[in-house]
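Undergrad: can't give you the sequence, but here's the structure:
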């Protein structure tokens, strides 16, 4: 039996929020056409460190679906929205001082993207979700990657094998270390910016 594949490539438009998972979110348009956000944290217990959620908006730049597994639902120029949620207290699993690997096992952590009624989402009961922070790893290149390799299938039964958002700075000036950031990346600091979904 031949495997049938789909691929979706998006260009991230903006990060519209950084908020604790225990907070509420209000989005308001700003004067310059981008979006400002305000979050008002709710009560959380001091014993439980807060998770960080980053909301994203992306524009679809290409769809490769030769077997029409998506039924033409997602098209170029469509908007995708989503978020990733992570625990900032997770230690770096890689001893290399320029390569940070942060792997998340809590079901509170997530990576999901929605477009035209389709939800691409990591599997919370069998996590393979990580963030990679590479500081001057390939020569002078900095990279920031959010990667989910074990995901829920779509309602039509299609498997989703990869959800990945990556940022790349070939000048090596976007990052100062391989530490896990606790704020949203400033997209203007990165030359390459893409969201990839494979199934």
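TA: Perfect, thanks for sending it. Quick caveat, the model's predicted, so the values are computed rather than measured.
Undergrad: who's in contact with the strand or helix carrying residue 147?
TA: Applying DSSP states H and E as the criterion places residue 147 in strand 141-148. Strand 141-148 is contacted from outside by 84, 86, 111, 122, 128-137, 162-175, 181, 185, 190, using Cβ atoms under 8 Å, 6 or more residues apart in numbering. The way it works is simple: take the backbone N, C-alpha and C, and place the C-beta from them, glycine included.
Undergrad: what's the next secondary structure element after it?
TA: Following strand 141-148 toward the C-terminus (DSSP H and E): strand 162-169.
Undergrad: and the helix or strand following that next one, which strands flank it?
TA: For strand 162-169, the following helix or strand on the C-terminal side (DSSP H and E) is strand 192-198. Looking at strand 192-198 with DSSP bridges, its partner strands are strand 7-20 (antiparallel), strand 162-169 (antiparallel).
Undergrad: gap between the two ends of stretch 88-102?
TA: Using Cα to Cα, to the nearest Å, one end of stretch 88-102 lies 9 Å from the other.
Undergrad: related to what we said a few turns ago, comparing the strands paired with strand 192-198 by mean pLDDT, which bottoms out?
TA: When the strands paired with strand 192-198 are compared on mean pLDDT, strand 7-20 scores lowest, with a mean of 42.
Undergrad: low-scoring stretches of the chain, by residue?
TA: Within the chain, the segments meeting pLDDT under 70 span 1-49.
Undergrad: tell me the spacing between residue 52 and residue 181.
TA: 9 Å (Cβ to Cβ, to the nearest Å).
Undergrad: just residue 147 next, same as before
TA: In terms of Cβ to Cβ, residue 147 sits 15 Å off from residue 181.
Undergrad: likewise for residue 105?
TA: 20 Å.
Undergrad: who has more neighbours out of the two?
TA: Using other Cβ atoms under 10 Å, the more surrounded residue of residue 105 and residue 181 is residue 181, with 18 against 10.
Undergrad: what does that one show for phi and psi?
TA: Main-chain dihedrals, residue 181, degrees, to the nearest 10: phi -70, psi 150.
Undergrad: right, and it touches residue 133 too?
TA: Yes - in terms of Cβ atoms under 8 Å, residue 181 counts as a neighbour of residue 133; the distance is 7.3 Å.
Undergrad: which of the contacts of strand 141-148 count as buried?
TA: The neighbour count (16 or more other Cβ atoms under 10 Å) marks 84, 86, 111, 122, 129-137, 163-169, 172, 174-175, 181, 185, 190 as buried among these.
Undergrad: tell me, how many residues neighbour residue 67?
TA: Other residues near residue 67 come to 11 when the count uses other Cβ under 10 Å.
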